[in-house]
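S.K.: what's the 3D shape of this:
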Amino acid sequence: MSELLQFLFSGVTVGAVYALVALGFTIIYNASDVVNFAQGEFVMLGGMITWAAHAAGLPLPLAALSAIVITSAIGVAMNKLAIEPARGAPVVSLIIITIGASIFIQGAAQIVFDKQIHSFPAFSGDAPLRVGGATILPQSLWVLGGAVVVFVGLWVFFTRTLLGRAVLATSNNRLAAQLVGINTNFVMTLSFALSAGIGALAGALATPITLTAYNVGIGFALKGFAGAMLGGMGNPKGALVGGFLIGLIEALTAGYLSSTYKDAAAFVVILLVLFFMPQGLFGRKSTDRV
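M.R.: Residues are numbered from 1 along each chain as shown. Model prediction:
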């Protein structure tokens, strides 16, 4: 029983990180119908910039905050320099642009930082908490709390604010949104800033547990994408649940089968969802008039 509980603790910890990545996917998808495969690089930047700033002498909270601000600015720059000029292009072309941006950011991080694996101290110490014969790190609680706070904030944003509804309106019909006075360019800029900031928060919270390096982004992107697909692309609740489920599936696969197969779990989930439930757990079926 304690073994299962330990696997569950590990699963919900990494699942919370995947949920944050999936929520980042959700924001940009809701604003533009584009799947941003550079989302994982925002997680990498959050960890690497926090490490660099802390190594330079900044207190850890300020280092994490600076990482979120800088990464948000990079997200805005990506939108302005790569996405906005190609606004009229097909969605597939925009997705390919995000893949190119991911490769560029990864290469730039390798030059600006280095190729080494890095970490920094946990926010609340490293002494594990014992629960039911299993242990959980205090940093895991920070990750879980971060995922829940971001989810609640996004739910309130999308359902209770005019700006959040403007984001959804832009996704549904960009031209109609412009005709009723919504500044769709600002909506896109805000969406990329929020998405990048959430990714950076995930990186800052997770790095004391998972470590970071210039090339960790692609793994986070693929597993966050699997979580978003499983929950229903564009649905914040689905992103949260899907991310946690991917983490649990990965941890149980590593625990009861082999750690060799844990990374394959996300890809198997993507295939199963595409084959049997394309709308995901919380997505809605849609029809197009032809």
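S.K.: can we go C-alpha only for contacts and neighbour counts from here?
M.R.: Will do.
S.K.: my guess is residue 205 meets residue 143, correct?
M.R.: Yes - assessed by Cα atoms under 8 Å, residue 205 is found in contact with residue 143 at 5.6 Å.
S.K.: Buried residues in stretch 106-119, which are they?
M.R.: For stretch 106-119, burial by neighbour count (16 or more other Cα atoms under 10 Å) applies to 106, 109, 118, 119.
S.K.: do the same with stretch 133-143
M.R.: Going by neighbour count (16+ other Cα under 10 Å), the buried part of stretch 133-143 is 134, 135, 136, 137, 138, 139, 140, 141, 142, 143.
S.K.: Same check on stretch 88-108?
M.R.: Counting neighbours by 16+ other Cα under 10 Å, one finds that the buried residues in stretch 88-108 are 94, 95, 97, 98, 99, 101, 102, 103, 105, 106.
S.K.: Off-centre distance for it?
M.R.: Chain-centre distance of stretch 88-108: 16 Å, with Cα atoms, centre = their mean, to the nearest Å.
S.K.: before we move on, what about stretch 186-197?
M.R.: Offset of stretch 186-197 from its chain centre (Cα atoms, centre = their mean): 13 Å.
S.K.: The longest helix along the chain - what's its average pLDDT?
M.R.: Identified as the longest helix of the chain according to DSSP state H is helix 2-32. For helix 2-32, mean pLDDT is 91.
S.K.: Please name every helix or strand in contact with whichever helix or strand comes after it.
M.R.: Using DSSP states H and E, the next helix or strand after helix 2-32 towards the C-terminus is helix 39-55. Secondary-structure packing of helix 39-55 (3 or more Cα pairs under 8 Å, 6 or more residues apart in numbering; DSSP states H and E): helix 2-32, helix 60-78, helix 91-112, helix 184-210, helix 217-231.
S.K.: Tell me which of those helices sits nearest to residue 41.
M.R.: Between residue 41 and the helices and strands packed on helix 39-55, the shortest gap by Cα to Cα is with helix 217-231, which sits at 4.4 Å.
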